[in-house]
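In: Next comes the sequence, and after it the predicted model I'd like to discuss.
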Amino acid sequence: MERVLVVDDDAELCQLVTRFLVREGFDISWATSGAAGVERALAEDYALIMLDVTMPDTDGFEVLRRIRQRARTPVLMLTARGDTHDRIRGLEMGADDYLPKPFDPGELVARIKAILRRSAPRGSGAAISIGDIELDGGSRTVWRNGTPVDLTTVEFDLLAALMRVAGSTVSREDLVRNVLGRDFSPFDRSIDTHVCNLRRKLGPPEDGAERIKGVRGAGYLYASPAKQGAR
C-alpha cells in the first residue's frame with residue numbers, strides 16, 4: 001500500500017482527501033502545519049507528498065525547499081486556481097507536478113498515480129551518451145562530464161524522451177502525455193517550465209550551442225544526434 005503525506009492547514013480538506021484516497025487503496029497521513037509537514041516528510045518514508053502552497057506558519061515553498069535539501073520524495077503541489085506564478089515557482093523548486101484548488105477527486109487520483117508510475121523503480125534500460133551528457137536508463141542517473149546531475153523524476157524522463165530521438169522534434173503534446181502522464185492542454189505550461197529547469201541544470205554544451213531547442217509551434221528537440229551504448 002502506497003503511503004501518501006498530505007500537508008495542508010485545512011483539516012477538513014485533509015479529512016476529505018484521506019477518506020477518498022483510502023478508498024482508492026492509499027495509506028494516508030496528514031499534517032496541518034508546514035513545520036509538522038517537514039518533520040514527518042523527513043522522518044518517515046512516503047511514496048508521495050501532497051503539499052499546499054498557502055499555509056500560515058511555513059508556506060509550501062519553504063517546506064518544499066527543506067524537503068529537497070534531504071529527500072527526493074515526489075511532491076504534488078496544491079495551488080490556487082489561476083495562480084500561474086505559484087505553479088511555476090513550485091516546479092522550479094523541484095515539485096513534480098501541481099494541482100489547482102478546488103480539484104476533482106478523480107483528477108487527484110490520476111495525478112498521484114501518474115507521479116508514482118514515473119518514480120517507480122524500473123528494469124534495465126539503454127544507456128545514451130551524447131557529447132558531455134550520459135544517461136543510464138537502468139539506474140536512472142545522469143552525468144555531465146562524469147559529474148552526477150541531480151534531476152527530479154520528471155526531468156529525467158523528459159531528458160530521456162528527448163535524447164532517445166535526438167535530432168528529431170518531440171511535440172509538447174507527446175511530452176505532456178508520455179512524461180507527465182496526462183492529456184495535453186494548450187494553457188498548461190508546466191512542460192515548458194520543466195524544460196527550463198532541465199536546461200539550467202545541464203548547462204550549455206562545451207561549444208556553447210543550445211542543448212535543448214524549442215521549435216516554434218512544434219515542440220522540443222535535443223540538438224545532437226544520439227549515440228547509444230554502454231558507458
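Out: Thanks, I have the structure now.
In: List the contacts of the closest residue to residue 17 other than its chain neighbours.
Out: What sits nearest to residue 17 in space, not counting adjacent residues and going by C-beta to C-beta, 6 or more residues apart in numbering, is residue 6, at 5.5 Å. In short, each C-beta sits where N, CA and C put it, glycine included. When contacts are counted by C-beta atoms under 8 Å, 6 or more residues apart in numbering, residue 6 touches 14, 17-18, 28-31, 49-50.
In: Farthest-apart pair in those residues, please.
Out: 18 and 49 (14.2 Å; C-beta to C-beta).
In: Looking at these two, which one has more neighbours?
Out: Counted by other C-beta atoms under 10 Å, residue 18 and residue 49 do not tie: residue 49 has more neighbours, with 26 against 17.
In: ok, which stretches of this structure are helices?
Out: 11-23, 34-43, 60-70, 84-92, 105-119, 153-163, 172-175, 190-202 (DSSP state H).
In: Residue 147 is nearest to which of the ones you listed?
Out: The nearest among the helices of the chain, by C-beta to C-beta, is helix 190-202 at 11.1 Å.
In: hmm, back to that, just the pLDDT at the residue nearest to residue 17, thanks.
Out: Per-residue confidence at residue 6 stands at 97 (pLDDT).
In: Next one: the residue nearest the centre of the chain from residue 60, what distance?
Out: Centroid check for the chain by C-alpha atoms, centre = their mean gives residue 96 as the closest residue, at 2.2 Å. Applying C-beta to C-beta, to the nearest Å, the value for residue 96 to residue 60 is 14 Å.
In: same check, this time on residue 207
Out: Remark: distance between residue 207 and residue 60 (C-beta to C-beta) = 39 Å.
In: So between these two, which is more surrounded?
Out: residue 60 (25 against 6).
In: got a list of what that one touches?
Out: Here residue 60 is in contact with 7, 34, 51-54, 77-78, 90 (C-beta under 8 Å, 6+ apart).
In: out of these, which are inside strands?
Out: Cross-referencing those against strands under DSSP state E gives 7, 51-52, 77-78.
In: how's this protein carved up into domains?
Out: 3-119, 127-228 (automatic domain parsing).
In: Span of the first one from start to end?
Out: Right, the one you point to is domain 3-119. Chord length of domain 3-119, first to last residue, is 14 Å (C-alpha to C-alpha, to the nearest Å).
In: Next up, phi/psi of the residue of the chain positioned farthest from its centre, please.
Out: Centroid-distance maximum for the chain: residue 207 at 29.0 Å, with C-alpha atoms, centre = their mean. Dihedral angles phi and psi of residue 207 (degrees, to the nearest 10) take the values phi -80, psi 0.
In: Any idea which helix or strand in the protein has the lowest mean pLDDT?
Out: Sorted by mean pLDDT, DSSP states H and E, the helices and strands of the chain end with strand 227-228, the least confident at a mean of 43.
In: could I get stretch 48-63 in CSV with only the CA atoms?
Out: Output in CSV follows, covering the C-alpha atoms of stretch 48-63 (Å, rounded to 0.1, in the frame of the first residue of the first chain):
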residue,chain,number,x,y,z
LEU,A,48,4.4,10.9,-2.4
ILE,A,49,3.7,14.2,-0.6
MET,A,50,0.7,16.5,-1.3
LEU,A,51,1.8,20.0,-0.3
ASP,A,52,-0.4,23.1,-0.1
VAL,A,53,1.3,26.3,-1.1
THR,A,54,-0.6,28.6,1.3
MET,A,55,-0.1,27.9,5.0
PRO,A,56,0.1,30.4,7.8
ASP,A,57,3.3,29.2,9.7
THR,A,58,5.6,28.0,6.9
ASP,A,59,4.4,28.2,3.3
GLY,A,60,4.6,25.3,0.9
PHE,A,61,7.6,26.7,-0.9
GLU,A,62,9.7,26.8,2.3
VAL,A,63,8.5,23.3,3.1
